[in-house]
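*Asks:* fold the stuff below for me.
(4 chains)
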Number of protein chains: 2
Amino acid sequence: MDLPPLQQEFVLHFGEMGSRWGINRTVGQIYALLFITDRPLNADDIVQALGVSRSNVSMGLKELQAWNLVQHRHLPDDRRDYFTTPEDLWEIVRILVEERKKREIDPTLSKLRSLEMQSPDRPQDHYAHGRISELRELIELLTGWYGDMKQLETDRLVQLLTLGAKIQKVVAATDKIVTLPRRTKLQTDSDKA
Amino acid sequence: MDLPPLQQEFVLHFGEMGSRWGINRTVGQIYALLFITDRPLNADDIVQALGVSRSNVSMGLKELQAWNLVQHRHLPDDRRDYFTTPEDLWEIVRILVEERKKREIDPTLSKLRSLEMQSPDRPQDHYAHGRISELRELIELLTGWYGDMKQLETDRLVQLLTLGAKIQKVVAATDKIVTLPRRTKLQTDSDKA
DNA sequence: CCGAATTTTCAGTTATTTCTGAAAATAGTG
DNA sequence: CACTATTTTCAGAAATAACTGAAAATTCGG
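*Replies:* Residues are numbered from 1 along each chain as shown, chains lettered A, B, ... in the order given. Predicted coordinates for the structure are as follows:
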C-alpha cells in the first residue's frame, strides 16, 4: 500500500470495520480512500494507493456504484472514469441507511408478513406466530419513524439529535396539548406491570 | 433441518440475513430458533432442529453469549444448559445496539481521535484531517443522541417514535421557549447557502 | 475421589469468499 | 471502420471462514 501514514491508517481501519459489516475489505478501503481524498480518483490511482489488482478495483467500484455510494465524474481531456464520495456526510448517512433498508429490512418485513399469512394458526405455531407479529410491529414502528426522519432537512435533524433527551421534556410538557396517535400493541414495561 | 414449516422458514431467513451482517449463518439460525421457541432449548435440541454438529452449536452459543444475546437457564433435575432470548423485544434491540456500539463505533471513535492528534498538520493532510474531524463530529452527535435515548423507558421511547415527524412541530412550536444547546460544527445545508 | 453426563476445544476438512491475470468487451478518436 | 485506451468479466488460485469429529476438559452426584 502506497499512502501517507494518516491516510493509510484511516483506510486500513475502515477496511477492517467493513469486514465486520459484511462488506469486503477492499471495498471498504476503496471507499475510505475516496472519502479522505481531496479529488476524484480513477481506477489506476486506487490500484496504486491500495496495492490491489486492477480487476479487484473494478469489482469494488461496481459494488459501490450498486450501493449508490460513489459519484461518477469525468475530467476534461481524460477518458478515464473518476470517482468521489458525496461532500456532505449526511448525504452519505442517508444513502447508507436507505440502501441497507432496501436490501435487508424491506425483504424481512415481506417475509414476516407472508409468514403471518400462511400456516392458518396451527396450535403448535401459536407462540412463533406471536413473536413474528411482535417483531413485525417493532420493525414497522422503526421504519415508520425512519420514514418521517428522512424527510427532515439536515438542519432540523441535527437540531432534534442535539436536543437528545431534552425532547422528552418538550413532549411531556405538550403531552396533553398535542393529539397523540394511538399506541401500538408492542409490549411495554407498563403493560407488564 | 427438522422443524415445522413456519419455524423453518423463519430460521432460514434469519440465517441468510445474519450472513449479510457479518454474523455466521449458524449463529443467526440458532438465535432465530431460540427467538420463536416457547421454551428454553438445550444444545441437543438445537442440533436436532437445525441439523448441524454439536460442536458447531457449542461455538454458536458461545458467540451469542459473548454478545449477551442469550439467557442461560437451568431446569430442575437436568444438568444440561438451556438457553432463551429475552421475552422483551426492546431489550433485544437495546442489547444489539449496545454491543454493536461497543465493538464498532467506540473503537472507530478512538481511532479517529488518535488520527486527529498525530500527524501535526502536514499541508498534504489538510483535507483528510478535515474529513476525519467531520466524521468524528457526526459520530459523536449520533452516539450522544443514542446515549440519551437509551436512558428512556420503553414507553417513552415508543411514544417518541410514534410521534415521528410530528415531533418537529412540537420542537418548532417551543423553539423560542426551550433553551437549545449550542449547534455543532457539522456542515448543514444552511451553512452552505 | 470416581465415573457418567455434558460442554468445550481444536486440528483437519470443507465451503465460501476474495482476489488475480488474462481475455473479452466497450467506448472514444481520427 | 480500425486503432487505442479503458473497463469489465470470469475461470482458476489464494485466502478466509465455517464446520466437523474426536479428544480433552469440566461439572456434579454419589
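
*Asks:* so what's the backbone phi/psi at residue A:118?
*Replies:* phi -60, psi 180 (degrees, to the nearest 10).

*Asks:* and the gap between the residue of chain A most remote from its centre and DNA strand C?
*Replies:* Distance from the centre of chain A peaks at residue A:123, with 38.3 Å (C-alpha atoms, centre = their mean). Per C-beta to the nearest atom of the strand, to the nearest Å, residue A:123 is found 29 Å from DNA strand C. In this view, the C-beta of every residue, glycine as well, is placed from N, C-alpha and C.

*Asks:* now do the residue positioned nearest the centre of chain A against residue B:150, distance only.
*Replies:* Nearest to the geometric centre of chain A sits residue A:97, at 2.4 Å (C-alpha atoms, centre = their mean). Relative to residue B:150, residue A:97 is positioned 19 Å away (C-beta to C-beta, to the nearest Å).

*Asks:* is the closest residue to residue A:86 other than its chain neighbours part of a helix or strand, or is it coil?
*Replies:* For residue A:86, ignoring the flanking residues on the chain, the nearest one in space by C-beta to C-beta, 6 or more residues apart in numbering or on different chains is residue A:92 at 5.5 Å. Here residue A:92 is recorded as helix under DSSP: H, G, I helix; E, B strand; the rest coil.

*Asks:* burial measure for residue A:92, as a count.
*Replies:* 17 (other C-beta atoms under 10 Å in any protein chain shown).

*Asks:* any idea which helix or strand carries the nearest residue to residue A:68 once chain neighbours are set aside?
*Replies:* Among residues not flanking residue A:68 along the chain, residue A:95 sits closest, at 5.3 Å (C-beta to C-beta, 6+ apart). If you go by DSSP states H and E, residue A:95 is part of helix A:89-100.

*Asks:* got the residue ranges for the strands in chain A?
*Replies:* A:41-42, A:71-74, A:81-84 (DSSP state E).

*Asks:* out of these, which is the most enclosed?
*Replies:* Comparing the strands of chain A by mean neighbour count (mean count of other C-beta atoms under 10 Å in any protein chain shown), strand A:41-42 ranks first with a mean of 21.

*Asks:* paired strands for that one, with orientation please.
*Replies:* strand A:81-84 (antiparallel) (DSSP bridges).

*Asks:* for the helix holding residue A:95, what is the average pLDDT?
*Replies:* Averaging pLDDT along helix A:89-100 gives 96.

*Asks:* what domains does the record give for chain A?
*Replies:* A:5-84, A:89-186 (automatic domain parsing).

*Asks:* which of the ones you listed has the lowest mean pLDDT?
*Replies:* Among those, domain A:89-186 scores lowest, at a mean of 86.

*Asks:* is stretch A:1-8 in proximity to DNA strand D?
*Replies:* No. For stretch A:1-8, no contact with DNA strand D is found by C-beta under 7 Å from any atom of the strand; the gap never falls below 14.1 Å.

*Asks:* which other residues reach that stretch?
*Replies:* A:11-12, A:33, A:36-37, A:48-51, B:115, B:118-119, B:122, B:124-125, B:128-129 (C-beta atoms under 8 Å, 6 or more residues apart in numbering or on different chains).

*Asks:* for chain A, which residues are neighbours of DNA strand C?
*Replies:* Counting by C-beta under 7 Å from any atom of the strand, the residues of chain A near DNA strand C are A:19, A:24-27, A:52-56, A:59-60, A:79.

*Asks:* distance to chain B and neighbour count for those - can I get that in CSV?
*Replies:* Shown next, in CSV, are those (distance: C-beta to the nearest C-beta, whole Å; neighbours: other C-beta atoms under 10 Å in any protein chain shown):
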residue, distance to chain B, neighbour count
A:19, 7, 15
A:24, 11, 15
A:25, 12, 17
A:26, 16, 20
A:27, 13, 23
A:52, 20, 17
A:53, 24, 11
A:54, 24, 11
A:55, 24, 10
A:56, 20, 16
A:59, 18, 15
A:60, 17, 24
A:79, 26, 7
